[in-house]
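J.: based on what follows, work out the 3D shape:
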Amino acid sequence: MIDLFTLNPDREMVLIGTCYIVIAFFIFPLYGIVLLIIGCSINSMWIAMFPILAILAISRMRITMNKADPNQMGLGVKIALILALTVIFLIWIFGCIKQNFKFSPPGWSYDMTVEYAKFFSALELVVCIPTLTLSFSAYIIIVLQVYKKRRMASMQRSHRAECRILVQAVIITVYLTLLIVLWYNDDEWFPDSHTTTALLQIAWIAFGYTNPLLLITLNKGLRNQLKATFFRKKSSGNDTHQTRGISKIVMPM
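T.: Below is the predicted model:
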């Protein structure tokens, strides 16, 4: 009879067992219900991003048009945020209860066998496209407003900032719109395979890095701040002034 408390004489098996215990210790147990709740939470946060972006874009537009105080959040903005977050919270609660969002390797998708899953899938598209269009339209108005004031010497710096924001908004809007269109039409336009799903998932992951990369590329002050942080390079007074200006720019996404 094998004694469970006796060390295995095979050192290789002891090493393998030790490595397995250490590695498995950090693996979160993906129980079915926990996995579904995580998926529903991620999807709900994804949906919440669109109305929040629209609210930020409209707020920036009103600030540019001198109709809002940049240092205070207006009552309308507060009400819009509360309504948007309330709707998203209800979507999240319903999704967690019904568990209408599942993990189908290598990606996530709505479980169409669950009641009202088709409705929430369509609702997601209805929320995303109009709010994305509203956000982009707001930044178009911002640029038109900037060009209207371009002769004012005190606004020259704001011109550059708003144009950078517009470039960033255009790239992200086009990227995100293409992703949404491809995502909702992949079954009709592409062969049903894991490769297609994996490529779409990679595109979604890459989208998460698009905004930070554009922010670094288009903002010299931020680049100088990163250089000073990571390369211990002493910033000049001009760089410091540009770096402080970053906090005044409300990025679209």
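J.: tell me the pLDDT at the residue nearest the centre of the chain?
T.: Nearest to the geometric centre of the chain sits Gly208, at 5.6 Å (C-alpha atoms, centre = their mean). On the pLDDT scale, Gly208 is placed at 79.
J.: in the one helix or strand it maps to, what's buried?
T.: Here Gly208 sits within helix 194-218, counting by DSSP states H and E. For helix 194-218, the neighbour count (16 or more other C-beta atoms under 10 Å) marks 196-197, 200, 211, 214-215, 218 as buried. C-beta here means a position set from N, CA and C on the backbone, and glycine is covered the same way.
J.: any idea how far the residue nearest to the centre of the chain is from Cys96?
T.: Distance, Gly208 to Cys96, by C-beta to C-beta, to the nearest Å: 23 Å.
J.: same thing with Asn66?
T.: Distance, Asn66 to Cys96, by C-beta to C-beta: 43 Å.
J.: ok, the two, which is more surrounded?
T.: Comparing Asn66 with Cys96 by neighbour count (other C-beta atoms under 10 Å), the higher total belongs to Cys96, at 18 against 10.
J.: packing partners of the strand or helix carrying the more buried one?
T.: According to DSSP H and E, Cys96 maps onto helix 75-98. In terms of contacts (3 or more C-beta pairs under 8 Å, 6 or more residues apart in numbering; DSSP states H and E), helix 75-98 is packed against helix 32-64, helix 117-148.
J.: I'd assumed Thr173 was in contact with Phe136.
T.: Yes - assessed by C-beta atoms under 8 Å, Phe136 is found in contact with Thr173 at 4.7 Å.
J.: higher neighbour count, those two?
T.: Just comparing Phe136 and Thr173: by other C-beta under 10 Å the higher neighbour count belongs to Phe136, 22 against 18.
J.: check contacts around that one.
T.: Going by C-beta atoms under 8 Å, 6 or more residues apart in numbering, Phe136 touches 57, 169-170, 173.
J.: quick one: pLDDT of it?
T.: 86.
J.: and if you look at Ile82?
T.: Per-residue pLDDT puts Ile82 at 91.
J.: what's the answer for Phe89, then?
T.: Looking at Phe89, its pLDDT stands at 92.
J.: show me what contacts it?
T.: By C-beta under 8 Å, 6+ apart, the contact list for Phe89 reads Ser44.
J.: and it, how far is that from Ile141?
T.: Relative to Ile141, Phe89 is positioned 30 Å away (C-beta to C-beta).
J.: next: Arg60.
T.: Note on Arg60: its distance to Ile141, by C-beta to C-beta, is 10 Å.
J.: more neighbours: which of these two?
T.: More neighbours surround Arg60 than the other of Arg60 and Ile141, with 23 against 17 (other C-beta under 10 Å).
J.: do I have it right that the more buried one meets Ile142?
T.: Yes - look at Arg60 against Ile142 with C-beta under 8 Å: they come within range, at 6.4 Å.
J.: pull up the overlap in contacts between those two.
T.: Ile165.
J.: quick one: low-confidence parts of the stretch 1-150 of the chain?
T.: Applying pLDDT under 70 to the stretch 1-150 of the chain picks out residues 1-5, 25-31, 105-107, 150.
J.: repeat the analysis, applying 80 as the threshold.
T.: Applying pLDDT under 80 to the stretch 1-150 of the chain picks out residues 1-11, 21, 23-35, 64, 66, 68-73, 102-109, 143, 145-150.
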